[in-house]
Every structure is written in C-alpha cells, then in structure tokens.
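Colleague: Compute the structure for the input listed below.
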Amino acid sequence: MAFQPKQVYSLEEYLELEKNSKEKLEFWDGNVWSMSGASYAHNVIVRNLSTELDLKLRDKGCHVFPTDMRIKVPSYSPYRYPDLTALCGKPEIEQIGGIDMLINPQLIVEVLSDSTEAFDRGDKFSYYKSIESFSEYLLVAQHRPYVTQFIKHGDGFWINYEFNDLSESVELRSVVCSLPLDSIYRDVTFPASPKAPLFD
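Modeller: Prediction:
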C-alpha cells in the first residue's frame, strides 16, 4: 500500500521517514510505500524457512536474516526488504543516512503473492542481479506447493529448477543445505483446487 502523506520524496526525506516509522517503507524514484500486511500463509512460510535454515546453518559459519534486514541493491537503490536472506561467511554492513544495509547476501528468498509475483520474477530479479555476491534466488508460492530455484553460474548465466511435490527437497548451493518442501509448507492449508467440469 502506498505511503500517502506526500506524493514525492527525496532520498533524504525517505531515510528520515524510515528511521521514525514503525513499519517497513521502500523507496523508488520519489515514491514511498509500505511493506507491511502479508497474509497468514506468507508469514507461516517465512517462519518455516527461517527456522529450517537457521537450524541447518547456524553451526556452519552462516547467517540467516529475516524480512527486516535491508539489502543494498545497486541498480534499485538504496535498499530492499527481501522476505529472507542468507549467506555463509562474514556479513558486510554499509550505512546510508545512519541506516544499516547488508551488502553481501548470497541467497535471497521471496514468498510470492498475486500482486507481487510478476515483479518478483521479472524486474526485481534483474535488480537483485546487480548485487555482486548474489548467487541464488528462491521464489516460493503460497497458494500451492511450488518453489522455483535460480542458481548463478560462473559466467553469469542463471539456471532454474522447479519443485512442486511435498516429497521433494530443494538443494541449496549458496548456503549448502537441503530444504524439504514439506518443511517449507508446514502448517499451511492450500485452497481447494477447482473441480474439472464433467462432460457426457
């Protein structure tokens, strides 16, 4: 939902809003909008992913960051709020206007919704590619078991894999571990599939 008290903001005005706001605000080209208000299923999936990754990575020198972690995106400045971020090694933090941004994420996860799916798969993915350390992208549907994994190869080519069965697991490459789909979707109830019409 757009943040409306003023129609156009400077970057400096936005940063001041961010420091004093109780909600997450994103900025682009003078526009400011709220990032709050996700669905129940969205929040459960993010919780499951965060718990699963933290349990598997905490003893490997890796770090898992929740949705409040700001990520610096050079081609979509100043920063974004992915649903989940992870990396192995030392987190590198840069400040802008007194606000911390992570600059070396390896894995970025977005949980999709009807209103964000096209952007998350298209423009946002292209913007995230401007992050030098970024090497793996997970897009997680919330209305059915469906995960898309994008992995960056050394020549900058990205290859993708799709998973749509709760018996499958996603093998992460950037932060080496396995994510079973039944763990990702634990406690999520999917809407009933529409029945196919019957013909004589």
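
Colleague: so who does Glu16 touch?
Modeller: Gly97 (Cβ atoms under 8 Å, 6 or more residues apart in numbering). Placement of C-beta: from N, CA and C, glycine included.

Colleague: what's the spacing between it and Tyr40?
Modeller: 33 Å (Cβ to Cβ, to the nearest Å).

Colleague: Then Phe119?
Modeller: In terms of Cβ to Cβ, Phe119 sits 22 Å off from Tyr40.

Colleague: got it, and Phe150?
Modeller: 27 Å.

Colleague: cool, Gly98 as well?
Modeller: Taking Cβ to Cβ, one finds Gly98 at 34 Å from Tyr40.

Colleague: List the residues that contact Val143.
Modeller: Let me fix one detail, which is that residue 143 is His and not Val. His143 sits in contact with Ala41, Phe190, Pro191, where contact means Cβ under 8 Å, 6+ apart.

Colleague: hmm, back to that, between Phe150 and Tyr40, who's got more neighbours?
Modeller: Shown here are Phe150 and Tyr40; by other Cβ atoms under 10 Å, Phe150 has more neighbours (19 against 11).

Colleague: Count the residues that sit near the nearest residue to Arg70 once chain neighbours are set aside.
Modeller: Using Cβ to Cβ, 6 or more residues apart in numbering and skipping residues adjacent in sequence, the residue nearest Arg70 is Tyr79, 4.1 Å away. Using other Cβ under 10 Å, Tyr79 has 21 other residues around it.
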